[in-house]
Each structure stands twice: as structure tokens, then as C-alpha cells.
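Enquirer: please work out how this folds:
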Amino acid sequence: MLRFVADSFFKQLHGLKVLDLSWTGIQNLPDSVSDLVSLTALLLRKCDNLSHVPSLKKLRALKRLDLSRTRLEKMPQGMECLTNLRYLRMNGCGEKEFPSGILPKLSHLQVFVLEKFMSQDDAITVKGKEVGSLRNLETLECHFEGLSDFVEYLRSRDGILSLSTCKILVGEVGRHLGQYIEDFPSKTVGLGNLSINGDRDFQVKFLNGIQGLICQCIDARSLCDVLSLENATELERISIRKCHNMESLVSSSWFCSAPPRLPSCNGMFSGLKEFFCYRCESMKKLFPLVLLPNLVNLEVIEVRVCHKMEEIIGTTDEESSSSNSITEVILPKLTTLILSWLPELKSICSAKLICNSLKNIYVINCVKLKRMPICLPLLENGQPSPPPSLKEINAYPKKWWESVVEWEHPNAKNVLRPFVN
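Expert: Down below sits the predicted model:
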């Protein structure tokens with residue numbers, strides 16, 4: 001593996017346009033690289049031992065700079081002079097905050113990816129106003145220290161809609177959330193350790209267009225505090241983690257004020273594929289029943305360790321008093337249902353659920369649950385049969401499963417027995 005390049009090597013290469021030393025063992029870049037004035041791309045990705053890059057001040061033709069996953073000890077000098085740069089990917093180089101004054105000079109930047117240093121828990125942060133000055137930006141991956149920086153960025157341009165890709169973290173996030181966001185769709189925002197209720201400047205409308213949302217340890221009563229639900233048609237994946245003030249995903253007050261009136265909800269959550277809820281200690285119900293007809297693309301529901309959870313899909317007060325309540329719902333793409341450590345769970349759904357794509361069902365330590373509302377496909381003789389896609393059912397404790405849980409069809413348990421662990 002390449003570990004060393006002599007300083008004299010580049011002195012004869014003044015016309016060099018692309019220098020790619022990515023994935024090598026090089027430790028220091030020779031000072032002679034500073035004089036490669038024709039260079040348009042300097043690529044040093046995954047140079048695990050690289051600790052020093054010389055001044056970039058003269059490299060004004062540079063359009064692409066990749067310093068990601070290196071061990072640089074400080075920011076290269078002269079970065080503010082790279083006025084033709086279109087692509088910048090790098091880590092914090094030992095800094096806690098990206099130095100002010102550089103980004104506004106890089107007005108042509110289309111891709112800006114600022115990743116955490118390899119062994120640090122905290123990602124380097126950047127000022128929202130400075131990122132907002134990048135009018136040509138198409139791809140953004142960065143970390144804002146708090147809501148005020150995020151709002152400054154959102155107000156300085158048309159929010160997230162103009163970006164083709166964004167992975168934005170806001171607030172105090174550890175290594176777990178930084179890695180977790182990588183598996184989310186191309187437009188994802190992760191909010192960590194934030195008090196959103198008390199921040200009147202947080203304009204939820206700016207989150208329109210996102211495909212992934214992670215809320216971890218945020219002080220919000222429901223998702224209504226976080227984004228404008230009537231426009232949440234592109235959301236594909238939601239993860240709610242340790243949000244102890246949330247009692248439901250959608251507040252009952254939203255139903256009283258939201259146009260149009262029930263039961264139409266304008267396709268809200270119609271793009272949702274995966275939903276995760278973990279350790280939300282005040283959460284009592286997740287989806288309101290009225291939203292279920294919109295969840296035609298939902299593939300995964302996973303709810304774990306929510307000690308006050310009573311209903312997965314519950315009726316609102318307005319629905320309860322209405323005569324045209326929903327009695328049957330089809331979730332055509334649901335493949336995975338995971339419910340674990342929900343000691344107060346009494347109901348999955350009051351309506352009958354038709355889920356003929358189910359592959360995996362996990363119900364662990366939900367001892368107050370009495371009924372499984374899932375309707376099995378019926379044969380010509382009227383007897384139930386397992387969904388063709390079903391692979392396994394994991395249930396615990398065994399006594400609860402055998403003696404307590406009732407299915408929509410009295411013979412369902414016998415039919416499903418071969419699938420049960």
C-alpha cells in the first residue's frame with residue numbers, strides 16, 4: 001500500500017488535473033501539491049493515516065475536494081480561496097465547529113457533506129446562515145447545533161424542497177443517531193434533545209418534502225409540533241425514540257382544526273413505509289383510526305418498550321361519537337408487525353385488519369392484549385388459511401398466547417400453529 005510520495009514527484013506535473021490517492025496509506029501530502037494550479041479534483045477519501053494537507057490557496061481551479069474519513073488534525077489553509085469548488089466532502093479535522101467565513105466564499109458549491117471524525121461521538125457543527133448562503137446547493141449532509149441554526153438555514157432559502165439529497169442532524173446527537181440516519185431515505189432530518197414546544201421560531205412548514213424523520217429525546221407533544229401533517233405525503237420512514245412527552249403521533253387538537261374535516265385527511269402518511277417507536281414513556285396510542293386508509297404503502301410497524309401504550313391504532317373522540325366509524329381496513333403491503341414490552345397494550349385496532357402480505361409477527365410481553373384483529377384469508381369452505389407470505393410468528397409468553405389471545409376466526413390459532421415460536 002502506498003504510504004509516501006516524494007516532494008519532488010509533483011514538481012514536474014504542473015498540468016495535472018486529477019489527483020486521486022483515496023484508500024491509500026499515505027501519511028502526509030507533499031508541499032509541492034500546493035503548486036498544482038491546474039488541479040480540478042483532489043480526492044483523498046479513506047486515507048486513514050493522513051494527518052496533514054498543505055495549503056490549498058493556489059488551487060483556484062479545484063472543483064472537487066474529498067477529505068472524508070481521513071485523520072487530518074486541522075483544516076487545510078486557503079480553503080476560502082477555492083471559489084470554483086462544486087463538491088466538498090470532509091470531516092471536522094479536529095474542529096468542533098466549521099470555521100466561519102469559508103462557506104460564503106464557495107458560492108458555486110453543489111455538494112456539501114460534513115461528516116463526523118472517525119472516533120468522535122459528536123459531529124462537527126456548522127452555522128445555518130452560512131449553509132443557507134450556498135444558493136446552488138443540491139446535496140447537504142451536516143449537523144446544526146440547535147434549532148436556531150436549523151431555522152436560520154431554512155429561512156435563508158426555500159428549505160429542503162430545493163435539495164435532491166439531505167441528511168441533516170439537529171441538536172445533541174450521539175454516535176448511534178449519526179449512524180442510524182445512514183439507513184434512512186435520501187431526504188432525512190434527525191432531531192435530538194430539543195425542546196420544540198417552547199421554540200416559537202420553529203417553522204414546521206419548512207419540513208415539507210422530507211422522506212425520513214428521526215425524533216430522539218425531543219420535547220414535543222406530537223408530530224404536529226414537528227411538521228405540517230397535511231403535507232406529510234412524502235414521508236417514507238419515521239422513528240420516534242425516547243420522546244417522553246409524546247402521548248400520540250397526532251394530537252386530538254389537530255383533528256379539531258385541520259382542514260378538511262374528517263374522515264378525509266388529504267393523503268397524510270400515504271407514502272409511509274416504515275414506522276418505529278421505542279421507549280416513549282407517555283405514549284398511549286399511535287395512529288388514529290381515521291388515518292389507516294392512507295397507510296396503503298406501510299410495510300413495517302415496530303413498537304418496543306412503551307410502558308403506557310394502550311392502543312396501536314385508536315379512535316379519536318370525534319370518531320367515537322360518529323356513526324360512520326371504520327370497521328375494516330386493508331394494509332396491503334404490511335409485512336412486519338413487531339410489538340414488544342408493552343405491558344398496558346389492550347388493543348392493536350378496533351377495526352378488522354386485512355394484511356395478506358404479512359411475513360413476520362412478533363408479540364412479546366404484551367400480556368393485556370386480548371385480541372388479534374388480523375383477518376386471515378378464507379378458503380372456499382369458509383375456513384381460514386395463513387397469508388401466503390407468512391414465515392413466522394414469535395409470541396411470548398406461551399401461556400398468554402395459547403389461552404388469552406383471540407383471533408377474528410375461531411379456528412385461526414390451529415391454522416397458524418405451525419408458524420408459531
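Enquirer: CA atoms for contacts and neighbours, from now on please.
Expert: Noted.
Enquirer: just the helices in the stretch 301-421 of the chain please.
Expert: Secondary structure of the stretch 301-421 of the chain (DSSP state H, counting those that start in this stretch): helices at 317-320, 398-403, 412-416.
Enquirer: pull out the buried residues from the last one.
Expert: By neighbour count, and taking 16 or more other C-alpha atoms under 10 Å as the criterion, the buried residues in helix 412-416 are A412, K413, L416.
Enquirer: residues contacting the first one?
Expert: Going back to what we said before, that points to A412. The contact partners of A412, by C-alpha atoms under 8 Å, 6 or more residues apart in numbering, come to L376, P384, S385.
Enquirer: ok, N193 touching C217?
Expert: Yes: between N193 and C217 there is a contact under C-alpha atoms under 8 Å: 4.8 Å.
Enquirer: the two: who's more crowded?
Expert: For N193 and C217, the more surrounded residue by other C-alpha atoms under 10 Å is C217, and the numbers stand at 21 against 17.
Enquirer: from G190, how far off is that one?
Expert: From C217 across to G190, the span is 11 Å (C-alpha to C-alpha, to the nearest Å).
Enquirer: contacts for stretch 137-157, please.
Expert: Stretch 137-157 is contacted by residues 108-115, 123-133, 135, 159-160, 162-172, 194, 201-203, 206 when judged by C-alpha under 8 Å, 6+ apart.
Enquirer: mark which of the residues you listed are buried, thanks.
Expert: Here, 16+ other C-alpha under 10 Å leaves 108-115, 123-133, 135, 159-160, 163, 165-172, 194, 202, 206 buried among those.
Enquirer: with the buried residues of helix 412-416 in mind, which one is nearest to C366?
Expert: Ranked by distance to C366 (C-alpha to C-alpha), these are led by K413 at 17.4 Å.
Enquirer: flag the shaky bits of the stretch 301-421 of the chain, pLDDT-wise.
Expert: Flagging of the stretch 301-421 of the chain using pLDDT under 70 yields the residue ranges 316-325.
Enquirer: the longest helix in the chain is where?
Expert: The single longest helix within the chain, with elements called by DSSP state H, is helix 147-156.
Enquirer: quick one: it to chain centroid distance?
Expert: Distance of helix 147-156 from the chain centroid (C-alpha atoms, centre = their mean, to the nearest Å) equals 19 Å.
Enquirer: low-confidence ranges, this structure, go.
Expert: 1, 117-122, 157-159, 174-176, 178, 197-206, 231, 252-266, 316-325.
Enquirer: now do 80
Expert: Counting by pLDDT under 80, the chain contains low-confidence residues at 1-10, 116-123, 156-161, 173-180, 196-208, 227-232, 251-267, 315-326.
Enquirer: any figure for the gap between S350 and L292?
Expert: S350 is 12 Å from L292, where distance means C-alpha to C-alpha.
Enquirer: shared neighbours, the two?
Expert: Shared contacts of S350 and L292 (C-alpha under 8 Å, 6+ apart): none.
Enquirer: show the contacting residues for L72.
Expert: With contact set as C-alpha under 8 Å, 6+ apart, L72 has these partners: L50, S51, H52, V53, C93, G94.
Enquirer: need those residues in TSV (columns: secondary structure, neighbour count and distance to K273).
Expert: TSV is the format used below for those (DSSP: H, G, I helix; E, B strand; the rest coil; neighbours: other C-alpha atoms under 10 Å; distance: C-alpha to C-alpha, whole Å):
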residue	secondary structure	neighbour count	distance to K273
L50	coil	22	41
S51	coil	16	42
H52	strand	20	44
V53	coil	21	44
C93	coil	25	37
G94	coil	16	38
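Enquirer: can you lay out these as CSV showing distance to T40?
Expert: Formatted as CSV, these follow (distance: C-alpha to C-alpha, whole Å):
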residue, distance to T40
L50, 20
S51, 22
H52, 20
V53, 16
C93, 22
G94, 26
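Enquirer: which of these lies closest to S34?
Expert: Nearest member of these to S34, counting by C-alpha to C-alpha, is V53, at 9.0 Å.
Enquirer: give me every residue that touches D219.
Expert: Per C-alpha under 8 Å, 6+ apart, neighbours of D219: N193, L194, S195, I196, N197, C243, H244, N245, M246.
Enquirer: same check on V305?
Expert: V305 makes contact with Y278, R279, C280, S340, W341, L342 under the criterion C-alpha under 8 Å, 6+ apart.
Enquirer: also I218?
Expert: L191, G192, N193, L194, S195, I196, K242, C243, H244.
Enquirer: ok, now D7?
Expert: P30, D31, S32 are the contacts of D7 under C-alpha under 8 Å, 6+ apart.
Enquirer: for it, what are phi and psi?
Expert: Phi and psi for D7, reported as degrees, to the nearest 10, are phi -60, psi -30.
Enquirer: again with the one 3 residues further on
Expert: When quoted as degrees, to the nearest 10, the phi and psi of F10 stand at phi -90, psi -10.
Enquirer: the spatially closest residue to it that is not a sequence neighbour: what secondary structure?
Expert: Distances taken as C-alpha to C-alpha, 6 or more residues apart in numbering place S32 nearest to F10, at 6.0 Å, with adjacent residues excluded. Assigned with DSSP: H, G, I helix; E, B strand; the rest coil, S32 falls in the helix class.
Enquirer: these two touch, right, S32 and Q12?
Expert: No: with contact defined as C-alpha under 8 Å, S32 does not reach Q12; the gap is 9.7 Å.
Enquirer: same drill for these two, tell me which one is more crowded.
Expert: The neighbour comparison of S32 against Q12 (other C-alpha under 10 Å) goes to S32, with 18 against 10.
Enquirer: gap between that one and L331?
Expert: Note on S32: its distance to L331, by C-alpha to C-alpha, is 63 Å.
Enquirer: got it, and L339?
Expert: From L339 over to L331 (counting by C-alpha to C-alpha), the distance is 17 Å.
Enquirer: now for the nearest residue to M246 once chain neighbours are set aside: which residues touch it?
Expert: Counting by C-alpha to C-alpha, 6+ apart, M246 lies nearest to R221, which is 4.4 Å off, once chain neighbours are set aside. Neighbour list for R221: N197, N245, M246, E247, S248, S251 [criterion: C-alpha under 8 Å, 6+ apart].
Enquirer: now those residues as TSV including secondary structure and distance to L229?
Expert: Formatted as TSV, the contacts of R221 follow (DSSP: H, G, I helix; E, B strand; the rest coil; distance: C-alpha to C-alpha, whole Å):
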residue	secondary structure	distance to L229
N197	coil	16
N245	coil	19
M246	coil	16
E247	coil	16
S248	coil	13
S251	coil	11
